[in-house]
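[1] Sharing a model that was predicted from the sequence below.
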Amino acid sequence: MTRAAVEIPTKKKLRVATTSLAGCFGCHMSLLDIDERLVPLLELVELDASPLTDIKHPGPCDLGLIEGGLCNADNVRMLRVFREQCKVLVAMGACAINGGLPAQRNHLDIRDCLQTVYLSGHGVERGFIPNDPELPLPLKQVHPLHDVVKIDYFLPGCPPSAEAIWQFLTDIIAGRTPHLGHGLIKYD
Amino acid sequence: MTAKTFQMDGHDVPFEEGQSILAAALAAGSYVPYLCYHAEFKPHGSCKVCTVKVNGRTQASCTTPAREGDVVESNVDELNELRKNLVQFLFTEGNHFCPSCEASGGCALQAVGYELGMTTAHYSPLFPDRPVDASHPDVLLDFNRCILCELCVRASSLVDGKNVFSLSGRGITKHLIVNAESGKLADTTLSVEDKAMSVCPVGVILRKRRGFKAPIGERRYDAHSISEVAVAHPEDEAK
Amino acid sequence: MALNLSAIVARHGGDPSRLVQILRDVMDAEGHVAPPVITALASTLGVSRGQVEGVVGFYSFLDSEPRGKYRVLFSDNITDELSGGHELRQRMLDAFRLELGEVSRDGLVSIGATSCTGLCDQGPAMLVNGRAIARLTPARIGAIASLIRGESPMDQWPDNLFVIDSHIERKDLLLSTPLSPGEAIDAAIARGAAATIDEIARSGLRGRGGAGFGTGQKWAACAAAHGGGPAERYVVCNADEGEPGTFKDRELFAHYTDLVLEGMTVAGFAVGAQKGLIYLRAEYPFLFAPLLAKLEERRRAGLLGRDVRGARGFDFDIELHIGAGAYVCGEESALIESLEGKRGIPRNRPPFPVTHGYKQQPTVVNNVETLAVAALIAKHGADFLRAVGTAKSSGTKVLSVSGDVARPGIYEYPFGVPVARVLEDAGARDTQAVQVGGPSGILLGANELGRRISFEDVPSAGAFMVFDTTRDMLAVVENFTRFFAHESCGFCTPCRVGTTLSAQMMKRLVAGKGSRRDMKDLAKVTQIMKASSHCGLGHTAGNPVIDALAKFRPSFDRKLRSLDVLPTFDLDEALAPAREATARDDAEAHFNEEES
Ligand SMILES: Cc1cc2nc3c(=O)[nH]c(=O)nc-3n(C[C@H](O)[C@H](O)[C@H](O)COP(=O)(O)O)c2cc1C
Ligand code: SF4
Ligand code: SF4
Ligand code: SF4
Ligand code: FES
């Protein structure tokens, strides 16, 4: 597991991609919350694809941070692109780790959901279920990332605290196996 | 009279005749992770999180009576890994979305997860369908989080004399039921003063309109980990 | 048809400890135990409603919701599967346009699966409203389907459908030594209780039900419990025979009934019990009436009842209890819970049943075969048994041989018999593997056929399932993991969750959708179950996986794709409901072959 981390050359900047799948950008906000440490951090890392850079598809990266679980076909496809491109892939936050809030729809039939929302729901007149091929189809259930690809590290929390993210990133940058000390593991 | 002792992780632990390894260890200030044990009830040993090695054999410490001279291993990597896996099993089996759970911060399952360094449930979640029961005017039952520890079953039967809760099903379909033909809590005799209201180690049996009472930072396991809380007031913790 | 609940309850003396028996009667009368019936039963018996509901929910053959008027359950043992059981099941499902487990809309029929019904020598087999039908063929399935369609009452179905064959292929000491009713009891009485226990101990008899505990030692502990003073003591005959692939107790009860009952009576005399209980699995309904008749016959002959065989003060009678579909109830303490009318959850031990058993009284639990052998020892003495077998395994073992052999059936051998010898006698060819002792036992590969059946080498509770080289051993193991997941009682975390996770991972692996992570996790989960489970079921549930990983690794590797991790669910199928709702079928609405 630590192999990839160790291979990262210390002089070269760490190339990092991030994305939000079925998430709320809360984890990204928490990432920005590391505040003044962001500046030294940016000297050590270089951002590839990320909501913060507007690059859509990542190139080869050392590290990928993914927020949010898998709710639809696009989420799955993007996750796989990240897996291909990133040496180390991290599930960041509760939704990426266990589906989170969106997964609370898992006991509902997605057909009924679509019908209720678009056809029979309150105030819907002459509704139709959007069927544009551009729109990603929802999965039957929301899944955590590790249900589809190999995840190297899990960074729990809703969102993970800035402290936890900082600890995690500094470990990775230093080539250590990330270790969340006491008080940094939180599921809420 | 010198107290009888056994050895745990190299320390002498005194015990009284008939006391379990777990109870003796907690009383002596040594934490062993546990979930279904409660000092006021006869232990039944179902969660297996309290598993230790007694003279080399793995056993649930809450149901194993301490014996003079036993050599017990507890806080070792192999057992902590086993316990972490059992906690992962429990997370995998239920629907645990801590951010929206009223028990978060005061939940023993979560706190033991922290204690054991669990960052993921690891296995593919089973996502069971367990509808909540909101029928009772004062109490909400969210079965999604039930870890089947039977503490509410025991409390309702032995303390409240009501048998409000029972178990049905088998294997992975085992589940908590309430004592009513309608299957609804409103049709049972449960009242908010019952002992059964206060024993759930997770977030199943909830007082309505009391949610998220303690602010973040002041919840039971915010300032101190469960390993500290459990040995600081072992009796209190069990309540 | 109004349910006469009070008559049923009265028939069982209003005794809550007969709850499982009462519920079986309700099932027979109504086809299910409806919620109002549960409420009424709870108040009549003076127990909580939840307790009754919990019992109904525990046992496979008790339903709280209506099933079909004809409840069809196909036996799902691997031997049924290998002899075409799944295809026949599908044929019947198709005939009624049903999914497995579904009830037809008109309520006529439901078709499901059940764990091994103990007819492995004549499978595939099924149960219809509890009645066993063996040797299924397409023709038989067709006939049964028309009988159901015509709503023909089951007592008017052709008798030949319900014929259970007997294949006793090899007899040794136990099966060939005649004993007249009463002989063993007389010998025990003449010898005295303590001396009888000594004789049993000296014979080296060890339990035939699996654990191999010394029978003399067990009886002595029961006799000595509570200071040896007067107590209600019980002798329980364990005829649950739930281990897939085992059917020797079925044959012992069918053809050696007196011998088994004699053994129970001897045990009763030796330990000072007044009551014997037989816990017979529900899957053997063809044994109920003959057994009850035999008990009556023995009462009339003074072999049961007051002053048995004229021995003043030796009062002993035997009661029949019938299970309700739960393998775990073969575990002795779960069996006792079930006898007491509860959910079959294994107890914490100590205390053991010999001191705190049925109704917390000293209780001996023995396997059917153990008791039969004990009767012969009582008559012929310890040396009779010692003369046969090996140093630590005296006597013989009755094996239930099934699977890929020419002559499946019952084979009795002296302990120490090589596996290869059994295979030869039964007409096995190109043997790839033998599962000895059932799924919880040992899986032997072709290079281990020289090993011997004995407590020293390969112990066996009786099952001996043979797989030839055409069989996919992964599919065999997958069947076993499914069995354990279905039968876990759910009490403890490791087994409740672990058996389900292993079954899921094995299912993926068999389908060619498993990954290296699944292999690693499978090994880990098995390890956890072994280390921390509450009872023997969880301790052994991983055995087939551990053995297969060690001995049939290439079978796993063949099915593995090179990837570390593969999706745990079918991606394309996960889009199906949304495709349906949106009526889309474009490329983006699918995960193609490569992607999934
Ligand atoms: C899950 C499980 C199922 C068992 N099933 C049976 C059974 O069907 N028949 C049996 O005789 N013993 C069974 N046993 C073993 C019993 O617990 C017990 O050891 C045995 O009945 C004692 O009888 P014996 O000493 O004559 O073998 C089972 C054990 C376990 C753990
Ligand atoms: S019960 Fe505990 S572990 Fe489960 S969701 Fe609530 S806080 Fe989290
Ligand atoms: S509701 Fe709570 S106390 Fe009751 S069994 Fe479930 S987890 Fe235990
Ligand atoms: S090991 Fe399995 S069968 Fe045994 S008590 Fe635990 S859950 Fe029940
Ligand atoms: S605390 Fe011991 S088994 Fe649960």
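    Everything's here; your move. Ligands and ions are numbered 1, 2, ... in the order given.

[2] all contacts plus neighbour counts: C-alpha atoms, from now on.
    Will do.

[3] does any bit of stretch B:69-76 sit next to chain C?
    No: figure legend: stretch B:69-76 not in contact with chain C (C-alpha under 8 Å from any C-alpha of the partner chain); closest approach 13.6 Å.

[4] same question for that stretch, mean pLDDT?
    For stretch B:69-76, mean pLDDT is 97.

[5] measure that stretch end to end?
    19 Å (C-alpha to C-alpha, to the nearest Å).

[6] How about stretch B:63-76?
    Terminal-residue distance, stretch B:63-76 (C-alpha to C-alpha): 20 Å.

[7] and it, which residues are buried?
    B:63-67, B:70-74 (16 or more other C-alpha atoms under 10 Å in any protein chain shown).

[8] Could you do stretch C:465-478 as well?
    C:465-468, C:473-478.

[9] Tell me which of those residues fall in strands.
    C:465-468 (DSSP state E).

[10] hang on, the earlier thing: keep only those of the buried residues of stretch B:63-76 that are in helices.
    Counting by DSSP state H, no part of these is found in helices.

[11] can you pull out the helices in chain B?
    Under DSSP H, chain B gives helices at B:21-27, B:77-93, B:108-115, B:151-154, B:226-232, B:234-238.

[12] With respect to C:R300, which of those lies nearest?
    Across the helices of chain B, C:R300 has its closest neighbour in helix B:151-154 (47.0 Å, C-alpha to C-alpha).

[13] which residues touch the closest one?
    B:36, B:38, B:41, B:163-166, B:195-197, B:199-200 (C-alpha atoms under 8 Å, 6 or more residues apart in numbering or on different chains).

[14] domain ranges for chain B?
    B:4-83+B:230-237, B:100-222 (automatic domain parsing).

[15] For those domains, could you give me JSON lines that also reports distance to A:L42?
    Converted to JSON lines, the domains of chain B look like this (distance: least, C-alpha to C-alpha, whole Å):
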{"stretch": "domain B:4-83+B:230-237", "distance to A:L42": "36"}
{"stretch": "domain B:100-222", "distance to A:L42": "26"}
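
[16] To ligand 3, which of those domains lies closest?
    Closest to ligand 3 of the domains of chain B is domain B:100-222 (C-alpha to the nearest ligand atom; 3.5 Å).

[17] residues from chain A in reach of chain B?
    Counting by C-alpha under 8 Å from any C-alpha, chain A sits next to chain B at A:94, A:97-98, A:100-101, A:106-107, A:146-147, A:154-156, A:158, A:182-183, A:185-188.

[18] Tell me which strands the top strand by length along chain C pairs with, and in which orientation.
    The residue-count maximum for a strand in chain C (DSSP E) belongs to strand C:396-403. Partners of strand C:396-403 in the sheet, by DSSP bridges, are strand C:409-414 (antiparallel), strand C:463-468 (parallel).

[19] Now look at it and say if it contacts ligand 1.
    No: using C-alpha under 6 Å from any ligand atom, strand C:396-403 stays clear of ligand 1, coming no nearer than 11.8 Å.

[20] what are the ranges of the strands in chain A?
    A:14-20, A:45-47, A:61-67, A:70-72, A:86-92, A:138-143, A:153-155.

[21] Ok, chain C next?
    Using DSSP E, strands in chain C cover C:70-75, C:109-114, C:126-128, C:131-133, C:168-170, C:234-239, C:275-280, C:317-322, C:363-367, C:396-403, C:409-414, C:431-436, C:442-445, C:463-468.

[22] For ligand 5, give me its nearest residue in chain A.
    A:Y187 (22.0 Å).

[23] and that residue, what does it touch?
    A:94, A:156-158, B:98-99, B:110.

[24] returning to what we had before: nearest to ligand 5, out of the contacts of helix B:151-154: which one, please.
    Taking the contacts of helix B:151-154 together and measuring to ligand 5 by C-alpha to the nearest ligand atom, the closest member is B:C36, at 3.9 Å.

[25] so how far is C:R49 from the closest residue to the closest one other than its chain neighbours?
    Leaving aside its sequence neighbours, B:C36 sits nearest to B:C149 (C-alpha to C-alpha, 6 or more residues apart in numbering or on different chains; 4.8 Å). B:C149 is 20 Å from C:R49, where distance means C-alpha to C-alpha.

[26] same question, C:A95
    C:A95 is 39 Å from C:R49, by C-alpha to C-alpha.

[27] ok, now which ones touch the closest residue to C:G14 other than its chain neighbours?
    Sequence neighbours aside, C:L45 is the residue nearest to C:G14 in space, at 6.2 Å (criterion: C-alpha to C-alpha, 6+ apart). For C:L45, the contact set (C-alpha under 8 Å, 6+ apart) comprises C:14-16.

[28] mind redoing it with 10 Å?
    By C-alpha atoms under 10 Å, 6 or more residues apart in numbering or on different chains, the contact set of C:L45 is C:9, C:13-19, C:52.

[29] List just the nearest of those to C:H255.
    After measuring those against C:H255 - C-alpha to C-alpha - the closest member comes out as C:R18, at 28.0 Å.

[30] just to revisit the earlier point, closest to chain A among the buried residues of stretch C:465-478?
    Closest approach to chain A among the buried residues of stretch C:465-478 (C-alpha to the nearest C-alpha): C:E478, at 21.0 Å.

[31] Return the distance of that closest one relative to C:A143.
    Taken as C-alpha to C-alpha, the span from C:E478 to C:A143 is 31 Å.

[32] so what's C:A254 closest to, chain neighbours aside?
    Using C-alpha to C-alpha, 6+ apart, the nearest residue to C:A254 is C:L287, at 6.5 Å.

[33] any idea how far B:E78 is from that neighbour?
    49 Å.

[34] What of C:E332?
    31 Å.

[35] what do you get for A:N72?
    Distance of A:N72 to B:E78, given as C-alpha to C-alpha: 39 Å.

[36] Between the two, point out the one with more neighbours.
    Taking neighbours as other C-alpha atoms under 10 Å in any protein chain shown, A:N72 and B:E78 compare with A:N72 leading, 22 against 12.

[37] What are the neighbouring residues in contact with the more buried one?
    A:21-22, A:135-143, C:574-575, C:578.

[38] Please repeat the previous calculation with a cut-off of 7 Å.
    Taking C-alpha atoms under 7 Å, 6 or more residues apart in numbering or on different chains as the contact definition, A:N72 lies against A:136-139.

[39] nearest to ligand 3, of the residues you listed?
    A:L139 (30.1 Å).

[40] Retrieve the pLDDT associated with the closest one.
    pLDDT, read off for A:L139, is 97.

[41] Could you verify my assumption that it touches C:L575?
    Yes: if you go by C-alpha atoms under 7 Å, A:L139 and C:L575 touch, sitting 5.1 Å apart.

[42] Between the two, which is the more surrounded one?
    A count of neighbours by other C-alpha under 10 Å puts A:L139 above the other of A:L139 and C:L575, at 25 against 22.

[43] Give the full set of residues in contact with the more buried one.
    A:L139 neighbours (C-alpha under 7 Å, 6+ apart): A:71-73, C:574-575.

[44] Tell me the backbone dihedrals of the most centrally placed residue in chain B, please.
    The centroid of chain B falls nearest to B:L35 when counting by C-alpha atoms, centre = their mean (2.5 Å). Phi and psi for B:L35, reported as degrees, to the nearest 10, are phi -130, psi -40.

[45] what's the spacing between it and B:V13?
    On the measure of C-alpha to C-alpha, B:L35 and B:V13 end up 21 Å apart.

[46] got it, and C:D172?
    Counting by C-alpha to C-alpha - C:D172 and B:V13 are separated by 56 Å.

[47] Pick out whichever of the two has more residues nearby.
    B:V13 (25 against 16).

[48] Is it correct that that one is in contact with B:A3?
    No: with contact defined as C-alpha under 7 Å, B:V13 does not count as touching B:A3 (9.4 Å).
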